[in-house]
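Enquirer: Can you look at this prediction? I've put the sequence above it.
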Amino acid sequence: MPAAQVVLDSHALLKLLRDEPGADTVAQILERAGERDEPVHMTEVNYAELQYIIRRKDGDGMWAAIAAELKAAPVQFHPATRALADQAALYKAAHKMSLADAFAAALAKERKAELVTGDPEFKPLEKEIRIRWLN
């Protein structure tokens with residue numbers, strides 16, 4: 001029986017990369033995904049958000065190293081399809097959240113997956129999508 005699908009937002013990966021509280025949980029999720037050959041999911045929009053945050057705070061060299069690691073990570077990146085964009089726009093219009101967060105939530109809804117995050121912007125969506133909160 002396949003494991004439940006998981007969507008990561010950029011907040012989750014940043015916790016892992018910066019060894020912040022919740023990093024162990026994200027590491028375990030990625031380890032299990034690799035062992036089961038069942039990748040976790042992330043939108044290209046969240047990938048872009050992760051990239052600009054790392055470049056801005058840590059520099060291009062750090063981003064190059066992280067980008068190389070991500071190529072080997074069990075993460076499947078999803079493009080911003082029209083259906084995903086439509087759902088993200090609904091979330092963005094109805095709730096105070098960033099566009100990247102709206103895309104992560106839309107992907108979780110589309111895939112009937114659990115969203116892993118520590119970002120409180122997702123709080124209003126707890127009744128609509130499953131969320132695993134990182135401490």
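Expert: That came through fine.
Enquirer: Pull up the gap between Ala67 and Ala80, please.
Expert: 19 Å (CB to CB, to the nearest Å). All C-beta atoms are positioned from the backbone trio N, CA, C, and that covers glycine.
Enquirer: Of those two, which one has the most company?
Expert: Ala80 (16 against 13; other CB atoms under 10 Å).
Enquirer: which SS class is that one?
Expert: Three-state call for Ala80 (DSSP: H, G, I helix; E, B strand; the rest coil): coil.
Enquirer: which one is it nearest to, not counting chain neighbours?
Expert: Spatial nearest neighbour of Ala80, excluding adjacent residues (CB to CB, 6 or more residues apart in numbering): Val45 at 5.6 Å.
Enquirer: quick one: the one you found is in a helix?
Expert: Yes: with three-state DSSP as the criterion, Val45 is part of a helix.
Enquirer: Could you count how many residues lie near it?
Expert: Val45: 26 neighbours (other CB under 10 Å).
Enquirer: contacting residues for it?
Expert: Val45 is in contact with Ala80, Ala88, Leu99, Ala100, Phe103, Ala104, counting by CB atoms under 8 Å, 6 or more residues apart in numbering.
Enquirer: On the pLDDT front, check it for me.
Expert: In this model, Val45 is scored at 98, pLDDT.
Enquirer: burial count for the nearest residue to Ile129 once chain neighbours are set aside?
Expert: Closest residue to Ile129 apart from its sequence neighbours, by CB to CB, 6+ apart: Ala108 at 4.6 Å. Ala108: 28 surrounding residues under other CB under 10 Å.
Enquirer: Secondary structure class of Ala108, three-state.
Expert: helix.
Enquirer: if I read this right, it contacts Glu128, doesn't it?
Expert: No: between Ala108 and Glu128 there is no contact under CB atoms under 8 Å: 9.2 Å.
Enquirer: what stretches of this protein score poorly on pLDDT?
Expert: Filtered on pLDDT under 70, the chain yields the residue ranges 1-3.
Enquirer: If you count neighbours, what's buried in the helix or strand hosting Ala85?
Expert: Element membership of Ala85 [criterion: DSSP states H and E] is helix 82-94. Residues of helix 82-94 classed as buried: Leu84, Ala85, Gln87, Ala88, Tyr91, Lys92 (neighbour count, 16 or more other CB atoms under 10 Å).
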